[in-house]
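S.K.: only geometry, no sequence info:
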């Protein structure tokens, strides 16, 4: 999918205080709305080679308008931490009062976060939790739960026996590590009869396809596949299986049980067709909604505390900030048509 260019609406009026969580409270005297100015927000998109992140970009575009945010021109760091650092520098130089980012390398961004903290520019990190450096809020789902849920689904479907190829994300990313570690721990504890073949991919579809091809040649008896990111792995995987005559519908002999993570429309179509069996819906809509919400709140001087929110999530305390852990449901053929799922409400 080609990147979708973002259209950002600028608000000319004073920012109204958004009705928030019961855990929120205003700081005294330093809010942007108190002095009559509309605070500028810098937003960096992490990449344009993933259907999930392109959907997120659509929702960001929508939310900046819905929430009347004065956003600076949106940048895209293209999965390159050097570009992310440069984009953030532009935000700093053009007066950003808060920054939204989704660093794909969660270790390499620490010095940039330190620099932003020194300038009192709060950071909202979407989907990924930086290893070090202060963050105002991480907007993220529980990625360990992704790995555990995926393990449990595959283990039950395979009856606790067989071989599973795991297309891992980048292990330099907290998400890749969380999903991989949780999946491995769950398999070891609950399904020791399943052999897991771990394939590190750095979130790259071509790498995943090449490694999966080699794995299928060496292990033609693979029964299951776990894709940690359907947005980049789905099409290369399905294309490869089709090429090899292994793309058999669910319920037919020889079907390879597949679970994915993301919840994009293409995964839902694949579930309906029986090409894959399940996915875990990573809430792109809520990521955008609450990333923009927290950026606006940060610029207005609001603060938050750990505890339940009014939108079905829980804010937890981190060593370097707070994290709002949003719900991420399992999607199978039984609930794939649920209109409450964001993947059924966004263009493909």
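M.R.: Sure, I can see it. Remember, it's a predicted structure, so these values are computed and weren't measured experimentally.

S.K.: Quick one: end-to-end length of stretch 119-129, please.
M.R.: In stretch 119-129, first residue to last residue: 21 Å (Cα to Cα, to the nearest Å).

S.K.: what does the average pLDDT come to for that stretch?
M.R.: For stretch 119-129, the mean per-residue pLDDT is 96.

S.K.: do stretch 96-106 as well
M.R.: 94.

S.K.: ok now that stretch, how far from the chain's centre?
M.R.: Relative to the chain's own centre, stretch 96-106 is displaced by 13 Å; criterion: Cα atoms, centre = their mean, to the nearest Å.

S.K.: What of stretch 295-302?
M.R.: Distance, centroid of stretch 295-302 to centroid of chain: 22 Å (Cα atoms, centre = their mean).

S.K.: Quick check: buried residues in that stretch?
M.R.: 295-302 (16 or more other Cβ atoms under 10 Å). Every residue, glycine included, has its C-beta placed from N, CA and C.

S.K.: Just the residues you listed: which are in helices?
M.R.: 295-300 (DSSP state H).

S.K.: what about the residue nearest to residue 250 when sequence neighbours are not counted, distance to residue 339?
M.R.: Of all residues beyond its chain neighbours, the one nearest residue 250 is residue 274 (4.0 Å), with distances taken as Cβ to Cβ, 6 or more residues apart in numbering. Going from residue 274 to residue 339 by Cβ to Cβ, to the nearest Å gives 21 Å.

S.K.: circling back: and which of the ones in helices among the buried residues of stretch 295-302 is nearest to residue 44?
M.R.: Closest approach to residue 44 among those (Cβ to Cβ): residue 295, at 11.5 Å.

S.K.: mind listing what the closest one touches?
M.R.: 41, 43, 69, 98-100, 122, 124 (Cβ atoms under 8 Å, 6 or more residues apart in numbering).

S.K.: for residue 259, same thing?
M.R.: 150, 153-154, 224-227, 276-280.

S.K.: Go again with 7 Å.
M.R.: Contact analysis of residue 259 by Cβ atoms under 7 Å, 6 or more residues apart in numbering lists 150, 153-154, 226, 277-279.

S.K.: Am I right that residue 126 is in contact with residue 292?
M.R.: No. Checked against Cβ atoms under 7 Å, the pair residue 126 and residue 292 is beyond contact range at 10.0 Å.

S.K.: more neighbours, residue 274 and residue 339?
M.R.: More neighbours surround residue 274 than the other of residue 274 and residue 339, with 15 against 7 (other Cβ atoms under 10 Å).

S.K.: mind listing what the more buried one touches?
M.R.: By Cβ under 7 Å, 6+ apart, the residues touching residue 274 are 249-251.

S.K.: Try it again at 8 Å.
M.R.: Applying Cβ under 8 Å, 6+ apart, we find residue 274 in contact with 249-252, 255, 333.

S.K.: same question, residue 286
M.R.: Counting by Cβ under 8 Å, 6+ apart, residue 286 touches 139, 311, 326, 342.

S.K.: and the gap between it and residue 327?
M.R.: Between residue 286 and residue 327 the distance is 8 Å, computed by Cβ to Cβ.

S.K.: now residue 159
M.R.: From residue 159 to residue 327 the distance is 29 Å (Cβ to Cβ).

S.K.: if we can go back for a sec, just flag the most distant two among the buried residues of stretch 295-302.
M.R.: Farthest pair in the buried residues of stretch 295-302 (Cβ to Cβ) is 295 and 301. Separation: 12.6 Å.

S.K.: the bottom helix or strand of the chain by mean pLDDT?
M.R.: strand 25-26 (a mean of 34; mean pLDDT, DSSP states H and E).

S.K.: Next step: the contacts of residue 259 restricted to strands.
M.R.: Counted as lying in strands by DSSP state E, out of those, are 226, 278-279.

S.K.: Can you add distance to residue 188 and pLDDT and give the residues you listed back as CSV?
M.R.: CSV is the format used below for these (distance: Cβ to Cβ, whole Å; pLDDT from 0 to 100):
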residue, distance to residue 188, pLDDT
226, 15, 98
278, 21, 98
279, 23, 98
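
S.K.: tell me which of the residues you listed is nearest to residue 262?
M.R.: Distance to residue 262 across the ones in strands among the contacts of residue 259 (Cβ to Cβ) is lowest for residue 279, with 6.3 Å.

S.K.: Hmm, the closest one is touching residue 228, no?
M.R.: No. Counting by Cβ atoms under 8 Å, residue 279 does not reach residue 228; the two are 11.0 Å apart.
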